[in-house]
Structures are given as C-alpha cells and as structure tokens.
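**Q** Need a 3D model of the following:
(one chain, ligands or ions: 1)
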Amino acid sequence: MHQRGILVTGGAGYIGSHVALMLSEAGEQVVVLDNLSTGFRDAVLNSTFVQGDVADRELVSGLIRTYDIDTVMHFAAHTIVPESVADPLKYYRNNTCATRTLLECCRDAAVKHFVFSSSAQVYGICGDGLAREEAPAAPLNPYGASKLMSEWMLRDLSAASGLRHVALRYFNVAGSDPQGRLGQSTREATLLIKVACEVALGKRPELTIFGTDYPTPDGTGVRDYIHVTDLAVAHVRALDYLRDGGPSGTYNAGYGRGFSVREVVAAVERALGAKLPLREAARRAGDPPRLIAMNDAIRRTLGWKPELDNLDIIVRTSLNWERRIKP
Ligand code: UD1
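**A** Now for the predicted structure:
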C-alpha cells in the first residue's frame, strides 16, 4: 500500500531529531526540513533530509506534493528567551510568520494532521506553580507570545478547515537518546541540565545557581524536567490519536512533579562521582519559583505513559551525550 509522508520541520534539532528517528524506526516515511541555523546535519538519521526554510512557500508546497505529506510535525523555531526579548521581531518572523506560511501550505494541500511544538512559556507565571491547560495563557516574553500566536492560528485554522492538530506544551526537556545516537548539541546552551553537564566535564568553569531565596523547600527554582525520549513518545501518541480521528487539542507535556536546581546539581554529582564548582547569584529576571505540568489530559486523551520519569536517568543520558560531543 502507498505510504503517505510525515514532514518534520526542525528535525535536525534536539527534540525534532529524536522524534524523526522514533518515527522512522516505526516504519514511517519521514522527510526532515531544517535550515541548519541551529540544527546539525548528522542528527538526521534514517530520514530524507532537505536543507531549507519553513518560510519558503514554494519549497514547502513542493515537498508536500513530492512526498505526499498528510502529517506535519513542526519543531523549527528559535527558542532562547533572552534573545527573544532583545530581538522580538526575529521571533515573530521565524516562529510566528513562518508558521503562518507553513499552515497556508498545509491548508492549500489539504494536509490532515499537524503536531506543534509549543512551550510552557505560554503560561507566564502560574499562581501555585501548577500549569493547567485551561489556565489563561499570559506569556512574559516574545518567545512565549510567538508560540501562543501559533497555537491560536492552529486553533482557528482547525475550526475553519479539515486540518486537525495537537499542540504540545513542553516543560523542561532534558536527557538524550538512551542508545547514545542523539542528544542536545546546542551551542552556548542556557538550559540547566545541559550547562551542569558541561561544567561536570570541564567545558565551563562553574555552574551559577540563579536565586537561592525562592519560596521553595531549598530556596532554588523548581521545574518539571522531562526526558526527551518520553517527549518523543508523546508525539507518536499524538499522531496515533489524530489518525484515529481525535479532535484538535492542546496538552501539557511534563511529568507533573518538580526538582529544584540543587536537586539537579546533586543528581549530576551522583552521575559524575564528584562535586561541581558552584556559584550562587541573584535570581534571573522573569524566572518563576516553580513551574510544573498538570498532565492528566495528555495521559487520559492521548494515552501517554512516561517511562523515563527518573532524574538520574535524565542526567546520566545527558552526561553520556556531553561526553561524546566536542567542547
Ligand atoms: C526553559 C526555557 C524556556 C522553555 C522551558 C521549557 C529559557 C530562559 N527558558 O525554561 O524557553 O520553554 O525551558 O522547555 O531559555 N538555572 C540556574 N543556572 C543555570 C541555568 C538555569 O540556576 O545556569 C535555573 C533557573 O533559574 C531555573 C532552572 O534552573 O530555576 C531551570 O532553568 P532553565 O533550564 O534555563 O529552564 P527554564 O528557564 O525553566
């Protein structure tokens, strides 16, 4: 039987590459579109690779036709919060406007399913630190706003056309492929677990703890760290759900529990067998004390069951990958 294709934008990036590999291993026909601005060609394993931009209408329409695409998974985006504050139009162009062009191509070609990488950043600050999908979205920065605007375009296009979508709001993604084939290679990383692993291996001199006076048990920020492989599985569940005819929806992708910065540091020290050089500093602007996903909806509706909900596994796989890549 003829097999229709899945277009994975940003499939040379950290999360997209894990999802593309999982899909191709499941026998799907995967086409990765990535402009390699932050992605890596060698992160694309077992998939067709096309270098190019999501905002290139002719290219995207041609790919949809050539590979008979009926599903798009859209990861391509800029993701650095402080950069989005300094250069908001870059984020609205590359995240929001490019997504609009992609959606237009999808509508014109009657693409059926769309899975979108959204972010917990759309929530801004949640009163009790527990994010529920139905809470009003109030992003605090252009990155979060650019993602929320894409969610709204998807919502409205799904209402007006035959397209159905799932938007996944990622919490703090970390870890790497347990088989060691892929990981996070991002340059000048800012995310805690990646930075801590770089410090562990001497690629950076020390880890700065931003804020030790939060109203949390040990005074440091608490986040919901989710293993990238479990997140990739959530995308596969979303695809199954859409193929089964499920209606469009937006779901948190997190484990529903949190760890503090100090707990993360302790896990890295356990994995390393040595202490990390630490420095305590003031809070980073815009960081909430605690952000944790309510995840009953994704479990119930998409049938997602996490299998790697273990901080030691998350840290160990991150550290393994960090050992493999050059400084
Ligand atoms: C990050 C991203 C956000 C994304 C979210 C979910 C930024 C600023 N935020 O959020 O866009 O949507 O993940 O995937 O890019 N910390 C330190 N020292 C460090 C780094 C971090 O103490 O060197 C602390 C932070 O203050 C925070 C926690 O560690 O309490 C996690 O920070 P980080 O890994 O940067 O992620 P978030 O800011 O939560």
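
**Q** So which bits of this structure are right by the ligand?
**A** By C-beta under 6 Å from any ligand atom, the residues of the chain that approach the ligand are 79-81, 119-121, 143, 170-173, 190-192, 195, 207-211, 221, 223, 261, 284, 287. (Glycine included, C-beta is placed from N, CA and C.)

**Q** so residue 92 touches residue 148, yeah?
**A** No - with contacts counted by C-beta atoms under 8 Å, residue 92 stays clear of residue 148, the gap being 11.5 Å.

**Q** related to what we said a few turns ago, which ones among the residues of the chain next to the ligand are found in strands?
**A** 119, 170, 172-173, 207-210, 223 (DSSP state E).

**Q** For residue 70, see how far away the residue in the chain positioned nearest to the ligand is.
**A** Residue of the chain nearest the ligand, by C-beta to the nearest ligand atom: residue 221 (2.3 Å). Per C-beta to C-beta, to the nearest Å, residue 221 is found 41 Å from residue 70.

**Q** When the two are compared, which one has more neighbours?
**A** Taking neighbours as other C-beta atoms under 10 Å, residue 221 and residue 70 compare with residue 221 leading, 26 against 19.

**Q** Any regions of the protein where pLDDT drops low?
**A** 1, 327 (pLDDT under 70).

**Q** Scan it for its longest helix.
**A** Counting residues, the longest helix found in the chain (DSSP state H) is helix 142-160.

**Q** Now that one: buried residues?
**A** For helix 142-160, a neighbour-count test (16 or more other C-beta atoms under 10 Å) marks 142-151, 153-154, 157-158 as buried.

**Q** For it, what is the distance to the chain centroid?
**A** 16 Å (C-alpha atoms, centre = their mean, to the nearest Å).

**Q** In a strand, residue 279, correct?
**A** Yes - assignment of residue 279 by DSSP: H, G, I helix; E, B strand; the rest coil places it within a strand.

**Q** Could I get the contacting residues of residue 24?
**A** Applying C-beta atoms under 8 Å, 6 or more residues apart in numbering to residue 24 gives the contacts 30, 45-47.

**Q** run the last query once more with 10 Å
**A** Contacts for residue 24 (C-beta atoms under 10 Å, 6 or more residues apart in numbering) come out as 6, 8, 11, 30, 32, 44-48.

**Q** Got the domain ranges for the protein?
**A** 5-174+225-253, 192-223+256-324 (automatic domain parsing).

**Q** can you pull the contacts of residue 232?
**A** When contacts are counted by C-beta under 10 Å, 6+ apart, residue 232 touches 15-23, 173, 177, 182.

**Q** same thing but at 7 Å, please
**A** 18-19, 22 (C-beta atoms under 7 Å, 6 or more residues apart in numbering).

**Q** Residue 263 now?
**A** Here residue 263 is in contact with residue 311 (criterion: C-beta under 7 Å, 6+ apart).

**Q** repeat that for 10 Å
**A** Counting by C-beta under 10 Å, 6+ apart, residue 263 touches 217-218, 220, 222, 225, 311.

**Q** now swap in residue 39 and tell me
**A** Counting by C-beta under 10 Å, 6+ apart, residue 39 touches 10-14, 16-17, 32, 51, 75-76, 185-186.

**Q** possible to save the residues you listed as CSV with secondary structure and neighbour count?
**A** Output for these, formatted as CSV (DSSP: H, G, I helix; E, B strand; the rest coil; neighbours: other C-beta atoms under 10 Å):
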residue, secondary structure, neighbour count
10, coil, 26
11, coil, 31
12, coil, 28
13, coil, 29
14, helix, 25
16, helix, 27
17, helix, 31
32, strand, 31
51, strand, 14
75, coil, 27
76, coil, 28
185, coil, 22
186, coil, 16
